[in-house]
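Participant: Quick check, what structure comes out for this input:
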Amino acid sequence: MSWLRTGDTAAHDPRTLAPLDLEDADERTVDEVFGFSCRLALEAGSKETDRKVTLGMVRSLAGSPARAQHLMGMLVYAKVWKPIDGGWELINDPAYLHLRGQDDIDNDRIRARDRRDDRLVVYARLRDGDNCRYCSNPVNWRDRKSLRGAEYDHVNIANQPTVLDEFVVSCRDCNGDHANKGDLLPPPEHPVYGAVTKEFIKTRLGTFPTRAKIAEMLNGQRTTPVENATDRQRTTSENATGTHGQRPKMENATAGQRTTRAENATETPGPTTDPPDLRQITDPGGVGTRSVGSGRDGTSSYGPDLDSPGSMPRPRRSRRHRPKPQPTTEV
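Facilitator: Predicted coordinates for the structure are as follows:
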């Protein structure tokens, strides 16, 4: 994202006080022109126009075409903005008004994208270990402040898409000082892996590979870590659910036994198979047969209506209300 930074002395900078040289200017003009300049810079940053503003953007902030021309004339006179075809461009100065360029914004997005790509970060750490590829000093992956903190560096970020040979491990010192970081060193013959890197590799690959497997992976004879991780997750998912994309075997086995969920409180779940309208079932007592589904008429072989299957059962008597058995006398 873009952001605007002002220098500590910007309030009293000669460029800020330059409008006072004009005859119709006063102290309020200084605040108006400086504030208007900052608003224009913020507008250019939010639109990502690479420090450029159009006449329409200027008029929308100035309020009128005449006021827009007057304010921009004072900013051009103060050498804060310069006219270009179709508008004006901010004269970028870290000591006064510094607005990030579009190239810096795009490069930050590339770095953020590549840091999330396991095909780059996993291979880079397997290849380089925990040493900087510019100064060969050890790096610390948990350090977020000092110069020994570990970072990823693009040898030539302009070459897109990023390739593994141009994505290396670097210390914060070398990565921050691009002018003096020196030449890129060859990958170490025997990389050193700390506890943090080993845990990182195990998380991505499931296990930490041997040196022979690492050499085989770096030689391109194996698939990338992302594909390995995906295949491993797919295998685990298939073991749990059967063939990929199908339901689990247990679920398939019991799918025919499930009943349809009632959509509302008054709907009764239907049977799993379509039965005939009337099913004849044999009376367990041998009295006869009974038609199920024809309604209760109180004349079934199971007895009165309350005793028929599907009706409300009789309330059970509590133990204390049950009649005690009568003693019998032998004759």
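Participant: what residue ranges in the stretch 151-300 of the chain score low on pLDDT?
Facilitator: 179, 221-300 (pLDDT under 70).
Participant: For the stretch 101-250 of the chain, which segments count as strands?
Facilitator: Assigned by DSSP state E, counting those that start in this stretch, the stretch 101-250 of the chain shows strands spanning 150-154, 167-171.
Participant: domain assignment for the protein?
Facilitator: As recorded under automatic domain parsing, the domains making up the chain are 4-99, 103-213.
Participant: picking that back up, dump the strands of the stretch 101-250 of the chain to TSV, plus distance to I105.
Facilitator: No exception for glycine: its C-beta is placed from N, CA and C like everyone else's. Listed next are those as TSV, based on distance: least, CB to CB, whole Å:
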stretch	distance to I105
strand 150-154	15
strand 167-171	20
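Participant: So which of the ones you listed is nearest R116?
Facilitator: strand 150-154 (10.9 Å; CB to CB).
Participant: Partner strands of that closest one and their direction?
Facilitator: Strand pairing for strand 150-154, using DSSP bridges, gives strand 167-171 (antiparallel).
Participant: one step back: could you redo the domains of the chain as CSV and give each row mean neighbour count and distance to N219?
Facilitator: Shown next, in CSV, are the domains of the chain (neighbours: other CB atoms under 10 Å; distance: least, CB to CB, whole Å):
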stretch, mean neighbour count, distance to N219
domain 4-99, 16, 42
domain 103-213, 15, 11
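Participant: Minimum distance to G220: which of these has it?
Facilitator: domain 103-213 (9.8 Å).
Participant: circling back to that earlier point, closest one to D103 among the strands of the stretch 101-250 of the chain?
Facilitator: Between the strands of the stretch 101-250 of the chain, strand 150-154 lies closest to D103; by CB to CB that is 13.1 Å.
Participant: As CSV, the domains of the chain with distance to G220 would be great.
Facilitator: Listed next are the domains of the chain as CSV, based on distance: least, CB to CB, whole Å:
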stretch, distance to G220
domain 4-99, 38
domain 103-213, 10
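Participant: out of the strands of the stretch 101-250 of the chain, nearest to R125?
Facilitator: Closest among these, using CB to CB: strand 167-171, at 6.5 Å.
Participant: So which of the strands of the stretch 101-250 of the chain is nearest P94?
Facilitator: strand 150-154 (22.2 Å).
Participant: Please list the residues outside that closest one that contact it.
Facilitator: 110-111, 114-115, 120-121, 124, 130, 133-134, 139-141, 143, 162, 166-172, 174-175 (CB atoms under 8 Å, 6 or more residues apart in numbering).
Participant: State the distance from the residue nearest to V196 when sequence neighbours are not counted to N131.
Facilitator: Computed as CB to CB, 6 or more residues apart in numbering, the closest residue to V196 that is not its neighbour in sequence is W141, at 4.5 Å. Using CB to CB, to the nearest Å, W141 is found at 12 Å from N131.
Participant: What of D93?
Facilitator: The value you get for D93 to N131, if CB to CB is used, is 38 Å.
Participant: got it, and A44?
Facilitator: 42 Å.
Participant: same question, E199
Facilitator: From E199 to N131 the distance is 18 Å (CB to CB).
Participant: For T9, which non-adjacent residue is spatially closest?
Facilitator: T9 sits nearest to A95 (CB to CB, 6+ apart), 7.4 Å away.
Participant: Give the helix, strand or coil label for the one you found.
Facilitator: What DSSP: H, G, I helix; E, B strand; the rest coil gives for A95 is coil.
Participant: Next secondary structure after the helix ranked longest in the chain?
Facilitator: Determined from DSSP state H, the single longest helix within the chain is helix 27-47. As assigned by DSSP states H and E, the chain's next helix or strand after helix 27-47 is strand 52-54.
Participant: Can you list the strands that that following strand pairs with?
Facilitator: strand 87-90 (antiparallel).
Participant: what's the partner strand in contact with?
Facilitator: 40-41, 44, 51-55, 57-58, 72, 75-76, 80-82, 97, 99.
Participant: Tell me who's in contact with the residue nearest to V30 when sequence neighbours are not counted.
Facilitator: Distances taken as CB to CB, 6+ apart put P19 closest to V30, at 5.8 Å, once the chain neighbours are dropped. Neighbour list for P19: A25, T29, V30, V33, M74, Y77, A78 [criterion: CB under 8 Å, 6+ apart].
Participant: same check, this time on R39
Facilitator: By CB under 8 Å, 6+ apart, the neighbours of R39 are L61.
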